[in-house]
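Novice: sequence and predicted model, in that order:
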Amino acid sequence: MAVCMKKVLVLCTGNSCRSQMAEAYLKHFAAENVQVYSAGIQAHGLNLKAIQVMKEDGIDISNHTSNAIEEFSHIDFDIVITVCDHAKESCPYLPAKVMSMHYNFPDPAKAKGTDEEILNVFRDVRHQIKIFCKAFALQHLI
């Protein structure tokens with residue numbers, strides 16, 4: 001009997017940091033049970049600091065691409081997770097059958113300070129996203 005995998009979209013403003021991290025962690029925690037995609041209201045390109053801090057946690061996202069939500073309009077998602085308020089407010093209409101979830105993570109790309117201070121903001125947001133994704137995967141995907 002074929003297993004019906006859930007399709008999850010993680011949506012953010014630019015698909016450069018938060019949604020990329022969440023995509024990677026959801027794949028990590030629920031790999032065989034889910035197809036995970038991430039997109040932005042616009043595609044801003046992958047943030048190099050996001051790549052760096054994910055690599056520090058043993059996850060390589062350097063081959064991810066930054067995508068706009070329109071690129072996935074042909075996919076019937078089961079779950080859409082918005083990871084910033086702007087994405088939630090700008091999210092296109094979702095069919096009633098789609099489970100939607102929202103968590104407003106701080107935008108590490110807006111961090112100011114020295115390189116190390118900025119990296120620490122990225123690490124903090126990464127940690128928040130990791131905790132959220134692990135709990136979400138256990139509750140909804142595994």
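Specialist: Done, it's in. Residues are numbered from 1 along each chain as shown.
Novice: tell me the spatial nearest neighbour of the spatially most central residue of the chain, not counting adjacent residues.
Specialist: With distances taken as Cα atoms, centre = their mean, the chain has Ser19 as the residue nearest its mean C-alpha position (2.4 Å). Counting by Cβ to Cβ, 6 or more residues apart in numbering, Cys12 is the residue found nearest to Ser19 once chain neighbours are left out, at 3.6 Å. Yep, even glycine has a C-beta here, placed from its N, CA and C like the rest.
Novice: all strands of this structure, in order?
Specialist: 6-12, 34-40, 79-82, 99-102 (DSSP state E).
Novice: show me what the helix or strand bottoming out on mean pLDDT in the chain is packed up against.
Specialist: For the chain, the helix or strand with the lowest mean confidence is helix 85-90, at a mean of 79 (criterion: mean pLDDT, DSSP states H and E). Using 3 or more Cβ pairs under 8 Å, 6 or more residues apart in numbering; DSSP states H and E as the contact test, no helix or strand touches helix 85-90.
Novice: how far away is Ser66 from Val53?
Specialist: Taking Cβ to Cβ, to the nearest Å as the criterion, Ser66 is separated from Val53 by 17 Å.
Novice: just Gln20 next, same as before
Specialist: Shown here: Gln20 relative to Val53, a distance of 11 Å by Cβ to Cβ.
Novice: quick one: which of these two has more around it?
Specialist: For Gln20 versus Val53, the count of surrounding residues by other Cβ atoms under 10 Å is larger for Gln20: 27 against 23.
Novice: was I right about the more buried one contacting Ser62?
Specialist: No: here Gln20 does not reach Ser62: they are 10.4 Å apart, not a contact under Cβ atoms under 8 Å.
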